[in-house]
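Undergrad: Got a sequence here, can you build the structure:
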Amino acid sequence: MKKGFFLVMLAQALSSLADNALFIAAIALIAELSGPDWMTPAMKWFFAFAYVILAAFVGAIADSFPKGRVMFVTNAIKISGCLLMFGFALLAPADKSLHAYIVCFSYALVGIGAAAYSPAKYGIVTELLPPRDLVKGNSWIEGLTVLSIIFGVVLGGKLIEPPLSDFLLALPGMSVLAKTPAEAAIVVIGGIYILAAICNLLIPNTHFVYPKQETNPVRLLSVFASYVRILWHDKVGQISLAVTTLFWGAGATLQLIVLQWGRDHLHLTIAQSANLMGVAAIGTIVGSVLAGKVPLTRALHVLPIGVVMGFSVMLMTIVKQDWAVYATLILVGGLSGFFVVPLNALLQHRGHVLLSAGHSIAVQNFNEQLNILFMVAMYWFMLEMNLHINTIIVIFGIIVAVLMALVIIWCYRNQRRYPATFAEIGEEGHGRAQAGH
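TA: As a prediction, the model looks like this:
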């Protein structure tokens, strides 16, 4: 592994950790401002929406400049959203209702930074590592990403509850910047973004040169649409893209479900519910490490794990005792870590062969975030229907298991009909399908 790869991992871990800690801090800040309950799923929805509307453009940006610099600039956008969250209180401290809406808008701004950040962070992996090391590299990147999501939620919960929040507010100079536990938490999270920015600046230029990128927005939309068609029409790409799209949509929704499940089923506070995500980290670590031993050519063999994961989520409805809650979350975390790493590596490899690093990740993000929009909206709708959280969990688990079973059938059919395409897995190549675009 090259030195630059470790810097990418560290920068990604810090930035993603801050994104998810900020989500919990923003929920707490909205609660302090007496904002409506619908703002929590709305923040997640608008965060994903940024990925969807920018998907056609961020790939070209990532492939036009050194990716370390792209990561630095987009991380700065995240910092601006972070500052706006509590900085607005200094400008209009009396208008709490408007401030709550500004918090929601600010997290959407962080989503814009994250959307532009993603193609660069994943794209540089294919520049730094050869195909044979992509699964191993992805096991680190994906494992750290999932862990940063989990620990970010836990960190956000810890920062807003005593005694840590009391300690932060008592620090010299903190009273100038923050007045409440949530605002103090956001100051700390801003510091994490700054550390990520320093790592971005240290990432070396790989000097990987891509074809000149299109700059006309209309043309970019047209070209991006053709890239989406290319990956969906490819018999290997469509399977890996379908699976990762389903996984990340389910993962984002599961984060909201666990927060609500902790409050309704286990009668915990927001901060305590956030801590539950840390329990799943144990399983995710084990699953991601084990997945690193799966060769790229056997990535599709892990598909049945997705069905098992869907059914395992439904165990959440029957567990009450601490040991059973922890065991269930560890199981779900382990299955998810082992499941997504090889398939994500396969999609990156296939996208790199057919398109380019930045464009293939942009297509991946577009599909994944579009599914997040759909699944979070579906969760939001079920909440509005006053369905019990356990009913929502069962519906969610069945949907994941059934869809994964259908993907497995789809994969087997493709393998029988197009064996030559599947035999290309692991081959060297770059931008094979970009000719004429």
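Undergrad: what about Ser360, helix or strand, and which?
TA: Using DSSP states H and E, the element containing Ser360 is helix 357-384.
Undergrad: Can you name the next helix or strand after that helix?
TA: Next in sequence after helix 357-384, counting helices and strands by DSSP H and E, comes helix 389-417.
Undergrad: Quick check: buried residues in that next one?
TA: Residues 389, 392-394, 396-397, 399-401, 403-404, 407-408, 410-411, 414 are the ones in helix 389-417 that count as buried (16 or more other CB atoms under 10 Å). For the C-beta atoms, the positions are set from N, CA and C on the backbone; glycine is no exception.
Undergrad: which helices and strands sit right next to the helix or strand following it?
TA: Beyond helix 389-417 in the direction of the C-terminus, DSSP H and E gives the next helix or strand as helix 419-423. If you count contacts as 3 or more CB pairs under 8 Å, 6 or more residues apart in numbering; DSSP states H and E, helix 419-423 packs onto helix 389-417.
Undergrad: Which pair in the buried residues of helix 389-417 has the greatest spatial separation?
TA: Within these, two members stand farthest from each other by CB to CB: Ile389 and Asn414, at 37.1 Å.
Undergrad: I'd assumed Val376 was in contact with Thr253.
TA: Yes: with contact defined as CB atoms under 8 Å, Thr253 counts as touching Val376 (5.8 Å).
Undergrad: contacting residues around the helix or strand that contains Ile198?
TA: Using DSSP H and E, Ile198 sits in helix 181-202. Surrounding helix 181-202, the residues in contact under the criterion CB atoms under 8 Å, 6 or more residues apart in numbering are 7, 10-11, 14-15, 17-18, 21-22, 25-26, 28-29, 31-32, 68-69, 71-72, 75-76, 78-79, 82-83, 85-86, 89, 156, 159-162, 165, 168-169, 174, 177-178.
Undergrad: Give me the buried positions along that helix.
TA: Neighbour-count burial for helix 181-202, counted by 16+ other CB under 10 Å, picks out 181-190, 192-193, 195-197, 199-200.
Undergrad: Packing partners of the host helix or strand of Val341?
TA: Element membership of Val341 [criterion: DSSP H and E] is helix 322-354. Under the contact criterion of 3+ CB pairs under 8 Å, 6+ apart, the helices and strands touching helix 322-354 comprise helix 96-128, helix 134-160, helix 217-233, helix 237-264, helix 270-291, helix 303-313, helix 357-384.
Undergrad: what's the burial count for His301?
TA: 11 (other CB atoms under 10 Å).
Undergrad: so it makes contact with Val294?
TA: Yes: with the criterion set as CB under 8 Å, His301 and Val294 qualify as a contacting pair; they are 7.4 Å apart.
Undergrad: just to revisit the earlier point, got the buried residues for the helix holding Ser360?
TA: With the criterion 16+ other CB under 10 Å, helix 357-384 contains buried residues 357-373, 375-376, 378-380, 382-383.
Undergrad: Now do that helix: distance to the chain's middle.
TA: Here helix 357-384 is found 10 Å from its chain centre; the criterion is CA atoms, centre = their mean, to the nearest Å.
Undergrad: relative orientation of it and helix 237-264 in degrees?
TA: Orientation of helix 357-384 against helix 237-264 (axes from the mean of the first three to the mean of the last three CA atoms, to 10 degrees) gives an angle of 40 degrees.
Undergrad: what packs against helix 357-384?
TA: On a contact count with 3+ CB pairs under 8 Å, 6+ apart, helix 357-384 meets helix 39-62, helix 96-128, helix 217-233, helix 237-264, helix 322-354, helix 389-417.
Undergrad: so where's the stretch 1-150 of the chain uncertain?
TA: Within the stretch 1-150 of the chain, the set of residues satisfying pLDDT under 70 comprises 1-2, 88-96, 131, 135, 138-139, 142-143.
Undergrad: Kindly recompute the last result at 80.
TA: Within the stretch 1-150 of the chain, the stretches falling below the threshold (pLDDT under 80) are 1-4, 35-38, 59-60, 62-63, 86-98, 118-119, 121-147, 149-150.
Undergrad: try the stretch 201-350 of the chain
TA: Low-confidence regions of the stretch 201-350 of the chain, defined here as pLDDT under 80, cover residues 205-215, 269-271, 274, 277-278, 280-282, 284-285, 288, 292, 348-349.
Undergrad: Walk me through the domains of this protein.
TA: If the domains of the chain are taken from the TED database, they occupy 1-203, 217-429, with pieces of a single domain joined by a plus sign.
Undergrad: Tell me if I'm right that His361 and Gly351 touch.
TA: No His there; residue 361 is Ile. Yes: counting by CB under 8 Å, Ile361 sits close enough to Gly351 to count as a contact (6.9 Å).
Undergrad: Can you give me the neighbour number for Leu169?
TA: The burial metric for Leu169, expressed as a neighbour count using other CB under 10 Å, is 16.
Undergrad: Contact partners for it?
TA: Listed by CB under 8 Å, 6+ apart, the contact partners of Leu169 are 175, 178, 181, 184.
Undergrad: State the pLDDT value of it.
TA: We note a pLDDT of 92 for Leu169 in this prediction.
Undergrad: same question, the one 3 residues further on
TA: At Pro172, the model reports a pLDDT of 88.
Undergrad: Could you look up the SS state of it?
TA: At Pro172 the chain is in coil, as set by DSSP: H, G, I helix; E, B strand; the rest coil.
Undergrad: now the helix or strand in which Ala31 is found against helix 237-264, angle please.
TA: Using DSSP H and E, the secondary-structure element containing Ala31 is helix 3-32. For the pair helix 3-32 and helix 237-264, the angle between their directions (the same axes, to 10 degrees) equals 40 degrees.
Undergrad: Give me the angle between helix 3-32 and helix 181-202.
TA: Using the same axes, to 10 degrees: helix 3-32 against helix 181-202 is 160 degrees.
Undergrad: buried sites along helix 3-32?
TA: Applying a neighbour-count criterion of 16+ other CB under 10 Å, the buried positions in helix 3-32 are 4-5, 7-32.
Undergrad: so Gly283 sits right up against Tyr326, yeah?
TA: No: contact between Gly283 and Tyr326 fails when scored by CB under 8 Å: they sit 9.7 Å apart.
Undergrad: higher neighbour count, these two?
TA: It is Gly283, of Gly283 and Tyr326, that has more neighbours when counted by other CB under 10 Å, with 23 against 16.
Undergrad: Spit out the contact partners of the more buried one.
TA: For Gly283, the contacting residues are 329-337, taking CB under 8 Å, 6+ apart as the criterion.
Undergrad: So Lys179, which state does it fall into?
TA: Secondary structure state of Lys179, per three-state DSSP, is coil.
Undergrad: Give me the distance between it and Ile285.
TA: With distances defined as CB to CB, to the nearest Å, the gap from Lys179 to Ile285 amounts to 37 Å.
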